[in-house]
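1. Okay, sequence plus prediction incoming.
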Amino acid sequence: MSSDPTFVPLPDIAIALDLGITKVHQLVKDRAVLAVRRDGVRVIPAEFVHDGQVVKSLPATITLLTDAGYDDDEIITWLFTPDDSLPGRPIDALRENRGTEIKRRAQAAGF
């Protein structure tokens, strides 16, 4: 498994979530997911969606890392960097419903 996220345009996320594009824009605005620009296009890591929903505990993790001073690119890097003590990447742990440990680590990341 690659540690790099697979970025997809917002309309693809809308399809994956079965939502209108304006709802996806609202998710970005609410920081439930993060969108970044790549080659002039706003994209979201595809791994932020699991079973047709935003990954559980992702919004809380984003908030904790933001509060710790991380910018959006740094948050994405943190989520997709393998950690042998997990094992795996934080995003994978979130997708496996192991959010409590990831949120604890995100909270500690600022200290």
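-> In hand now; what should we look at?

2. alpha carbons only for contacts and neighbour counts from here, please
-> Fine.

3. Contacts only, for the residue positioned nearest the centre of the chain.
-> Nearest to the geometric centre of the chain sits F48, at 4.7 Å (C-alpha atoms, centre = their mean). By C-alpha atoms under 8 Å, 6 or more residues apart in numbering, the residues touching F48 are V33, V54, V55, L58, I91.

4. what's the answer for T6, then?
-> P45, A46, E47 are the contacts of T6 under C-alpha under 8 Å, 6+ apart.

5. Dump the contacts of F48 to CSV, plus distance to G69 and secondary structure.
-> Below are those laid out as CSV (distance: C-alpha to C-alpha, whole Å; DSSP: H, G, I helix; E, B strand; the rest coil):
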residue, distance to G69, secondary structure
V33, 17, coil
V54, 23, strand
V55, 22, coil
L58, 17, helix
I91, 19, helix
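
6. can you put these in CSV and add neighbour count and pLDDT?
-> Shown next, in CSV, are those (neighbours: other C-alpha atoms under 10 Å; pLDDT from 0 to 100):
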residue, neighbour count, pLDDT
V33, 21, 98
V54, 20, 98
V55, 21, 97
L58, 24, 98
I91, 26, 97
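
7. any idea which of the contacts of T6 has the most stuff around it?
-> When neighbours are counted by other C-alpha atoms under 10 Å, P45 leads those with 20 neighbours.

8. does that one really touch L10, like I thought?
-> No: contact between P45 and L10 fails when scored by C-alpha atoms under 8 Å: they sit 9.6 Å apart.

9. Tell me how many other residues crowd the residue nearest to D67 when sequence neighbours are not counted.
-> Distances taken as C-alpha to C-alpha, 6 or more residues apart in numbering put G110 closest to D67, at 7.7 Å, once the chain neighbours are dropped. By other C-alpha under 10 Å, 13 other residues sit near G110.
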